[in-house]
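Undergrad: After the sequence you'll find the predicted model.
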Amino acid sequence: MAVKKSLKEIIRDEYKRCSQDPIYFMRKYCIIQHPTKGKMYFNLYPFQEDSLTQLKENRYNIILKSRQLGISTLTAGYALWKMIFRSDFNVLVIATKQDVAKNLVTKVRVMNENLPNWLKGKTLEDNKLSLRYANGSQIKAISSKGDAGRSEALSLLIFDEAAFIDKIDEIWTAAQQTLATGGDCIALSTPNGVGNWFHKMWVDAESGGEFNTIKLHWTVHPDRDDVWRAKQTQLLGEKGAAQECDCDFISSGHTVVDGNILQWYSDTYVKDPLEKRGFDSNFWIWEYADYSKSYMVVADVARGDSTDYSAFHVFDVEACHQVAEYKGKIGTTEYGNMLISVATEYNNALLVIENANIGWASIQVALDKGYSNLYYSYKQDGYVDEDVQLRKGYDLKGKSKTVPGFSMTSRTRPLVISKLETYFRDKTPVVHSKRLIDELFTFIWLGHRAEASRGYNDDLVMSFSTGLWMRDTALRLQQQGMDLNRKALGHFGKSQGVYSATQQTPKEWQWNSGDGENDDLKWLL
């Protein structure tokens, strides 16, 4: 006959079992606040049990999740389990805002409040932002800032909605010293595009990095089906539903060019160059010069000693093909010489150099060497539309009324970005460069401005966008009878220019732009 246990022995055995098994602890003793059912025991689904086991077995965990799977609650229960059964266990919760971090602490406080007295520890502090036990264990919520967690001796760092936390790279760096003695980390989030810290850590983890990956697609929940998923699209829209449900980095982001289109480009056109040339092997060539084609070289200039890069693209203008590309750190004078050399090689291509700030140093090289097909912008900043150019004939005016280079201003930049999005939406350009596609994956909308994600560059993107805008303008002019193909882009070989000089009088080289002036067109030759 079995010996009947005393109440003290039963409690002792239960306490021991709970200390060894967080799944048992949560199922039997943790009460949660369900949004529609009120307070209820935390009856874990199989996917939650599996996730909890992985949290226990791995020091660093990154969780890519669908919405409303109870993972924040699961993480809160795990933190509480650690606090109860380990002394001096310090948990820090960081989220986009303090209120968001506070929500996870609230889940811990609700569970703690409803534990039986023999199980929960003696509480020394219990408020909206923290819970502290007499055994030295505690949990605290703070908002995200660059030095968050720097001075904390952490046992567990929790990033809630990690993909949306500003400056999380800095926070992670600051926290490394406090985790070095054996602390754990849980980073959980729905996706928010590519290029952010959460995405980088996930990709690194899939390649064997230090984080253990836990991916929780909406289909892991036993109560969800295609009808539920379709309803999410109705409520959130395609992009919102992809972000909240599908664990899809590409579809979830706020990239200027749709992520699915970029993936199509990556699968369809991206390939290794035929040749990598230059002192740094950063001049990539996919097509060599064809003397029957018209080319354009579009360049962005950096100092050569900063975090930005000098970059240029070589376009086959008519086909809208990317035929070559450069991205590297190089002095402005050397860069100017390189641009002239490449433009000359590609049939005296139209050379377009952005003239903002340091760009003038490279432009000056082209001027000093007398490069004949350097692009000039109309001086009047009000000109930002090709329709105006067509109407006024600004591109045909004398050099005295223009300025060398392309002017990227607050008025031209949105038009250039718009042209980029339009061209890629129509899948018009042929892009072979993985470097460019990678930059486009991290070229996002921050408010109303398009720019690279924190820690990334957009040098290739901006020079390519400018090239698309230039090409569109040239084709509009061509439709008006101004042949801006190979001949119109400059002096190519034995070409006589846009117009044949045969049997023409000097007056036929005059253009009346409608403003009462006749402009000399001989510079086109």
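TA: Nice, I can see it. All values reported here derive from a predicted model rather than from experimental measurement.
Undergrad: how about the helices in the stretch 351-500 of the chain?
TA: In the stretch 351-500 of the chain, helices defined by DSSP state H, counting those that start in this stretch lie at 359-368, 386-392, 412-425, 434-441, 459-479, listed in chain order.
Undergrad: for Asn90, phi and psi?
TA: When quoted as degrees, to the nearest 10, the phi and psi of Asn90 stand at phi -100, psi 120.
Undergrad: Go through the helices of the stretch 351-500 of the chain and name the closest to Arg449.
TA: helix 412-425 (8.8 Å; C-beta to C-beta). Backbone N, C-alpha and C define where each C-beta goes, glycine included.
Undergrad: Which residues does that closest one contact?
TA: Helix 412-425 is contacted by residues 256-258, 261-262, 265, 320, 384-385, 408, 429, 440, 450, 461-462, 464-466, 468-469, 472 when judged by C-beta atoms under 8 Å, 6 or more residues apart in numbering.
Undergrad: center of this structure - which residue?
TA: Among the residues of the chain, Thr442 comes closest to the average C-alpha position under C-alpha atoms, centre = their mean, at 2.4 Å.
Undergrad: which ones are touching it?
TA: The neighbourhood of Thr442, defined by C-beta under 8 Å, 6+ apart, consists of 194-195, 255, 452-453, 456, 458.
Undergrad: among those, which are in strands?
TA: Secondary structure assignment (DSSP state E) places Ala452 from the contacts of Thr442 within strands.
Undergrad: Now distance to Lys39 too, for the contacts of Thr442, in TSV please.
TA: Compiled in TSV, the contacts of Thr442 are given as follows (distance: C-beta to C-beta, whole Å):
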residue	distance to Lys39
Val194	40
Gly195	41
Thr255	42
Ala452	47
Ser453	41
Tyr456	45
Asp458	50
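Undergrad: is it possible to export the contacts of Thr442 to a markdown table including pLDDT and neighbour count?
TA: Conversion of these to a markdown table gives the following (pLDDT from 0 to 100; neighbours: other C-beta atoms under 10 Å):
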| residue | pLDDT | neighbour count |
| --- | --- | --- |
| Val194 | 85 | 25 |
| Gly195 | 82 | 22 |
| Thr255 | 87 | 24 |
| Ala452 | 87 | 19 |
| Ser453 | 83 | 23 |
| Tyr456 | 85 | 18 |
| Asp458 | 93 | 23 |
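Undergrad: For the contacts of Thr442, work out which two are farthest apart.
TA: Across the contacts of Thr442, the two members that end up farthest from each other (C-beta to C-beta) are Val194 and Asp458, 14.0 Å apart.
Undergrad: Poorly predicted segments of the protein, please.
TA: By pLDDT under 70, the weakly predicted segments of the chain are 1-2, 145-152, 303-307, 379-401, 474-525.
Undergrad: Could you tell me which of the contacts of helix 412-425 count as buried?
TA: Among the contacts of helix 412-425, those classed as buried by neighbour count (16 or more other C-beta atoms under 10 Å) are 256-258, 261-262, 265, 320, 384, 408, 429, 440, 450, 461-462, 464-466, 468-469, 472.
Undergrad: just the strands in the stretch 51-200 of the chain please.
TA: Listed from the start of the chain, the stretch 51-200 of the chain has strands (DSSP state E, counting those that start in this stretch) covering 60-65, 90-95, 123-127, 130-133, 138-143, 156-160, 184-189.
Undergrad: Please apply the same query to the stretch 251-400 of the chain.
TA: 275-277, 283-285, 295-300, 310-316, 321-328, 350-353, 376-378.
Undergrad: now the ones you listed as a markdown table including mean neighbour count and distance to Ala79?
TA: Rendered in a markdown table, the data for these read as follows (neighbours: other C-beta atoms under 10 Å; distance: least, C-beta to C-beta, whole Å):
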| stretch | mean neighbour count | distance to Ala79 |
| --- | --- | --- |
| strand 275-277 | 13 | 50 |
| strand 283-285 | 21 | 49 |
| strand 295-300 | 27 | 48 |
| strand 310-316 | 27 | 46 |
| strand 321-328 | 23 | 44 |
| strand 350-353 | 28 | 56 |
| strand 376-378 | 19 | 59 |
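Undergrad: which stretch among those strands comes nearest Asp225?
TA: strand 321-328 (44.1 Å).
Undergrad: when you compare where that closest one runs with where helix 459-479 runs, what's the angle?
TA: 140 degrees (axes from the mean of the first three to the mean of the last three C-alpha atoms, to 10 degrees).
Undergrad: okay, strand 321-328 in CSV with CA atoms only?
TA: Provided in CSV are the C-alpha atoms of strand 321-328 (Å, rounded to 0.1, in the frame of the first residue of the first chain):
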residue,chain,number,x,y,z
HIS,A,321,20.7,47.6,-69.8
GLN,A,322,23.2,47.9,-67.0
VAL,A,323,26.5,47.0,-68.8
ALA,A,324,29.1,48.0,-66.1
GLU,A,325,29.3,49.3,-62.6
TYR,A,326,31.8,50.7,-60.1
LYS,A,327,31.5,51.1,-56.3
GLY,A,328,34.6,51.8,-54.3
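Undergrad: which residues in the stretch 101-250 of the chain form helices?
TA: With DSSP H, counting those that start in this stretch as the criterion, the stretch 101-250 of the chain has helices at 168-179, 197-206, 226-245, 249-252.
Undergrad: what's near enough to touch the closest residue in space to Glu244 that isn't next to it in sequence?
TA: The spatial neighbour of Glu244 that comes closest, neighbours along the chain excluded (C-beta to C-beta, 6 or more residues apart in numbering), is Arg67 at 4.2 Å. Contacts for Arg67 were tallied using C-beta under 8 Å, 6+ apart; they are 190, 218, 244-245.
Undergrad: got a winner among the residues you listed for most neighbours?
TA: Ranked by the number of neighbours (other C-beta atoms under 10 Å), those place Thr190 first, at 25 neighbours.
Undergrad: circling back: can I get the helices of the stretch 101-250 of the chain in CSV with distance to Gly278?
TA: Listed next are these as CSV, based on distance: least, C-beta to C-beta, whole Å:
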stretch, distance to Gly278
helix 168-179, 31
helix 197-206, 28
helix 226-245, 40
helix 249-252, 32
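Undergrad: Just say which of those helices is most tucked in.
TA: For those, the stretch with the most neighbours on average is helix 249-252, a mean of 22; neighbours defined as mean count of other C-beta atoms under 10 Å.
Undergrad: Same list as before, the helices of the stretch 351-500 of the chain that is, but in CSV and with distance to Ile330 included.
TA: Compiled in CSV, the helices of the stretch 351-500 of the chain are given as follows (distance: least, C-beta to C-beta, whole Å):
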stretch, distance to Ile330
helix 359-368, 10
helix 386-392, 32
helix 412-425, 24
helix 434-441, 16
helix 459-479, 12
